[in-house]
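>>> Please work out how this folds:
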Amino acid sequence: MNLHKLILTNNACYKAGRTITPKGIMVHSTGANNPNLKRYVGPDDGLLGKNQYNNHWNQDRPGGQQACVHAFVGKLADGSIATYQTLPWNHRGWHAGGTANDTHIGFEICEDDLTDATYFNKVYTEAVELCVYLCKLYGLTEKDIIGHYEGYQKGIASNHGDPRNWFPKHGKSMDTFRADVKKLLNPGFTPPPAEPKKLYRVQVGAYSVKANADNMLKKLKSSGFDGYIKYD
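A predicted model of the protein is given here:
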């Protein structure tokens with residue numbers, strides 16, 4: 001997973017400041033032929049590329065709508081695939097159009113014209129890995145993952161068909177998606193080695209008392225950040 005963070009602090013959803021205890025994950029797809037993350041995430045951080053229309057979601061009500069998700073999966077300016085976290089994971093999003101906003105983390109996969117198998121397989125894999133990450137973070141399983149259309153069937157989301165409008169075109173479904181998440185959550189499963197890449201880490205504290213380090217790590221995770229303690 002290629003995870004980045006750009007919180008949409010100008011969005012009215014973020015400014016509402018409500019939090020949830022995540023009990024599930026809802027998978028969305030954007031419904032528009034634009035695979036570029038810069039369409040939804042901004043301003044440009046040097047990786048996204050410039051959105052010449054400035055119509056990304058980092059504004060009060062993008063397109064006049066009350067909408068905001070926890071993450072987007074799509075293309076960076078260089079054509080590679082990434083995930084951008086856009087709300088703290090425990091923030092109440094505006095993605096489901098129903099009570100799932102109170103319980104589910106929601107993320108969007110940026111659609112293209114729905115015919116490019118190479119692009120689909122890359123974002124599908126990225127989305128699976130994002131769900132594995134979130135399941136581990138909040139003690140969830142593949143059974144806690146639903147598509148937007150399944151949320152509608154359960155009466156907890158608005159009447160949308162995503163991502164069922166896209167997945168079957170490439171031989172996938174929410175059932176195969178959950179099965180692929182389960183494989184990675186299985187302790188006996190060894191994923192293929194990832195390509196090496198540079199990592200830049202930021203130290204947020206140094207403590208002589210372990211309890212103080214534990215408290216800082218807890219604060220980080222409650223704010224939606226990942227982290228770890230290194231003993232030296």
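
>>> domains of this structure?
3-185, 201-232 (automatic domain parsing).

>>> how about a markdown table for the ones you listed, with mean pLDDT and mean neighbour count added?
Any C-beta I mention is one placed from the backbone N, CA and C, and that applies to glycine too. Below are these laid out as a markdown table (pLDDT from 0 to 100; neighbours: other C-beta atoms under 10 Å):
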| stretch | mean pLDDT | mean neighbour count |
| --- | --- | --- |
| domain 3-185 | 97 | 18 |
| domain 201-232 | 84 | 11 |
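
>>> contacting residues for Ala71?
Thr83, Tyr84, Gln85, Thr86, Leu87, Ile105, Phe107, Glu108, Leu130 (C-beta atoms under 8 Å, 6 or more residues apart in numbering).

>>> how does it look with 6 Å?
Residues in contact with Ala71 (C-beta atoms under 6 Å, 6 or more residues apart in numbering) are Thr83, Gln85, Thr86, Phe107.

>>> show me what contacts Pro35?
Applying C-beta under 6 Å, 6+ apart, the residues contacting Pro35 are Gly74, Lys75, Cys110, Asp112.

>>> May I ask which two of the contacts of Ala71 are separated the most?
The span of the contacts of Ala71, defined through C-beta to C-beta, is set by Thr83 and Thr86 at 9.8 Å.

>>> before we move on, the earlier item: can you list the contacts of Ala71 in TSV and add distance to Ser223 and secondary structure?
Below are the contacts of Ala71 laid out as TSV (distance: C-beta to C-beta, whole Å; DSSP: H, G, I helix; E, B strand; the rest coil):
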residue	distance to Ser223	secondary structure
Thr83	18	strand
Gln85	11	strand
Thr86	14	coil
Phe107	18	strand
